[in-house]
Structures are given as C-alpha cells and as structure tokens.
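Chemist: how would this look folded up:
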Amino acid sequence: MMNRHDSLKSIALGASALLFTAAFGTSCEQPPILCEVASDAYAVKYFPKEAGNDCLMLPGERVGMSVYNPPKGDDREIDALRATVAIQASSMGVLADTAKATASATDPDPNHKQYSFGNYTARPDANDFCAASDLSVAEQHIPETAYTDADGNPAIYPETRLAYEWRDVRVHMAFATPGNAATGEVTITRESEDPVTGARETCTTTYIASALFPAVGCEAVDAMGQGTGMPDDTRCCAKANPDQGRPFGSGIHPDFKVKCDPALLLCALDWKPGESFPPLGTNSFCGDGG
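Modeler: A predicted model of the protein is given here:
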C-alpha cells in the first residue's frame, strides 16, 4: 500500500516529467549546431584550377583557421549568431619568420596581415556547410634588406611578396565531424627580386583546395623507425591496430575517405574537384573499415 510520502513523491515526479515534456517536447532532436572550425591546423591539398597553369608547383600545406564571435551589447556574453573567420597558410608565417630571423626584415605596411579575414555564417545551410565571405587578402611584402650573415659577410635579403586570396570557402559542419573538412579556392601570388640583377619574377596560381582536420603525418618508417620519404596510407587509419603496427589511431574521423599524399606526407581527403564533398566511405587499406 502506498503511503502519503510515496504518493506525494510520485505526484512530484509526474509533474517534473510534464514540465520537461512541455519545455523540450517528446522527441530527442539535437539542438541547432553553430558554425565553427577545428582548433588546430588542417592538412590542405591544392589542385590547380587550370590544367598546365601551376608555376608555383605547390602541392598543399598546413592551414589554420579561427572563428571569432563578437560580444553582445552588454559585453557579458558572446553573440553566437554573428561570426568572423581568419585563415592563415603556413607559407605566410614561414616567409615572415624567415625574413625576421635572417635579416631582421619585416613588412613595413601595418595594413598587411598574414591572415585573411572575413564574415562567417552563424549556422550551417541545408547541406551542412558554413560559408566564409568577403575575405581580405593575406599579404606580406618584405623589402630588400642588407644584413650580415653568420660568417660576418655582407648579404642581401631579396625583396619578396606573398599574397593569398581565398574565395568560396565552405566548412562542412556536422555533429559527428564538426568543421573537420573544408573546401575552397585560393589564388596565390609570389613575387621576388634578384638582388644582383634586379630582375623580378612573378608567379600566380589559382588552386582548388580540400582541407582535412587533424593534420597527421604519414611518412613510412623503416625497421629503425627512421623516415623513408615514402607515403604510408595505414598511418591515416582512424583506429589503432597493434597487429598491423598501429598502436594508436590517427585521430581522423573514420567516416572520411583518406589517403597519404606522397608530396605532402600528410593524410589528405581522397577527393578531387568535381566529386561530392566531403568524401565519405571506408578505407580498405585499414582492414577494419577505419
């Protein structure tokens, strides 16, 4: 027989259940996802947009992205429905760092940034993509700089300009793989001057890009654990398999079709322009679907 205490407890639990149902409904639908990007570098593969026009011969590189949500008017919390995104290629940082370390040379123009910056949609579209738009040009223009090398000899750091123009950047945003794959188009221009002859060389190439997070190295190693310079697809497998020499998984989501890019020696999406993005499926070389 139910006593008064148990009866009151049952009524309270029933009321709580009714309040929960009224507030959240009876379904188990997931809340709307917000547009984000991965927290570390992507492995980006470049495909020349025009066949035969690839003077840079750049197979790809690591690229970082970051999302910023401005504060609301009261400055007490962020405005999740407004966002901007920054995109920076590793080549841009390498140029700036090398010039500074070699000749204490820097770009004198404060308007030149190593990253592109633009608007970013707050929520993914019906196809699960978040889009970046109105992206600024990332640029570093290092002037010709005289310096003294490590041996005490006079030297010249050549004038060098590097610029990235990103367009049509789309980040795939799903609950299982939030921001782990992206695609877009980038025009890269590199200008340099011969410090002896004064001759200038300019090269511009437009690429279609595919990006995969995380950026995972996949160089094959020999019996001594030394790199061989050759690709090893199995190092891109998501799941560990000690029997096959994989004590750890790559950290790449198993839903993605991937491969080890032989030029980058990084795991990249197994994809080409014109194909459905992102490429989903199993990787047969993993032996376990992962």
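
Chemist: quick check: domain ranges of the protein?
Modeler: With domains defined by automatic domain parsing, the chain comprises 31-215, 217-290.

Chemist: In JSON lines, list these along with mean neighbour count and mean pLDDT.
Modeler: The C-beta positions use only the backbone N, C-alpha and C, and glycine is treated the same way. Formatted as JSON lines, the domains of the chain follow (neighbours: other C-beta atoms under 10 Å; pLDDT from 0 to 100):
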{"stretch": "domain 31-215", "mean neighbour count": "17", "mean pLDDT": "94"}
{"stretch": "domain 217-290", "mean neighbour count": "16", "mean pLDDT": "91"}
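
Chemist: Tell me the spacing between the residue most central in space within the chain and residue 61.
Modeler: Using C-alpha atoms, centre = their mean, the residue of the chain that lies closest to the mean C-alpha position is residue 42, 3.1 Å off. Residue 42 is 10 Å from residue 61, where distance means C-beta to C-beta, to the nearest Å.

Chemist: Which pLDDT value does the model give residue 5?
Modeler: Per-residue confidence at residue 5 stands at 43 (pLDDT).

Chemist: By residue count, tell me the biggest strand in the chain.
Modeler: Taking DSSP state E as the criterion, the chain has its longest strand at strand 178-193.

Chemist: Counting by contacts, list what that strand packs against.
Modeler: Applying 3 or more C-beta pairs under 8 Å, 6 or more residues apart in numbering; DSSP states H and E, one finds that strand 178-193 contacts strand 160-173, strand 200-212.

Chemist: quick one, strands of the stretch 51-200 of the chain?
Modeler: For the stretch 51-200 of the chain, strands defined by DSSP state E, counting those that start in this stretch occupy the ranges 60-68, 83-89, 116-120, 129-133, 138-142, 145-148, 154-157, 160-173, 178-193, 200-212.

Chemist: mind giving me a markdown table with the helices and strands packed on strand 178-193 and columns for distance to residue 80?
Modeler: What follows is these, written out as a markdown table (distance: least, C-beta to C-beta, whole Å):
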| stretch | distance to residue 80 |
| --- | --- |
| strand 160-173 | 14 |
| strand 200-212 | 23 |
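
Chemist: Quick one: closest of the ones you listed to residue 99.
Modeler: If you check each of the helices and strands packed on strand 178-193 against residue 99 by C-beta to C-beta, strand 160-173 wins as the nearest, at 7.2 Å.

Chemist: Could you list the paired strands of that closest one along with their orientation?
Modeler: Neighbouring strands of strand 160-173 in its sheet, by DSSP bridges, are strand 129-133 (antiparallel), strand 138-142 (antiparallel), strand 178-193 (antiparallel).

Chemist: which other residues reach the first one?
Modeler: Same thing as strand 129-133. Strand 129-133 is contacted from outside by 35-36, 85, 87, 118-121, 123-125, 166, 168-173, 179, 184, using C-beta atoms under 8 Å, 6 or more residues apart in numbering.

Chemist: got the angle between it and strand 116-120?
Modeler: Note on geometry: by axes from the mean of the first three to the mean of the last three C-alpha atoms, to 10 degrees, strand 129-133 and strand 116-120 are set 130 degrees apart in direction.

Chemist: just the longest one next, same as before
Modeler: Comparing the axes of strand 178-193 and strand 116-120 via the same axes, to 10 degrees yields an angle of 150 degrees.

Chemist: cool, and the second one?
Modeler: Angle between the axes of strand 138-142 and strand 116-120 is 170 degrees (criterion: the same axes, to 10 degrees).

Chemist: got the CA positions of strand 138-142 in PDB?
Modeler: Output in PDB follows, covering the C-alpha atoms of strand 138-142 (Å, rounded to 0.1, in the frame of the first residue of the first chain):
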ATOM      1  CA  ALA A 138      46.600  38.000 -46.700                       C
ATOM      2  CA  GLU A 139      49.900  39.600 -47.700                       C
ATOM      3  CA  GLN A 140      53.500  40.000 -46.600                       C
ATOM      4  CA  HIS A 141      55.800  42.300 -48.600                       C
ATOM      5  CA  ILE A 142      59.400  42.000 -47.300                       C
END
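
Chemist: For the residue nearest to the centre of the chain, list each beta-bridge partner.
Modeler: According to DSSP bridges, the partner residues bridging residue 42 are residue 63.

Chemist: quick one, what contacts it?
Modeler: Residues near residue 42 by C-beta under 8 Å, 6+ apart: 62, 63, 64, 65, 182, 211, 212, 213, 214, 215.

Chemist: All set, thanks.
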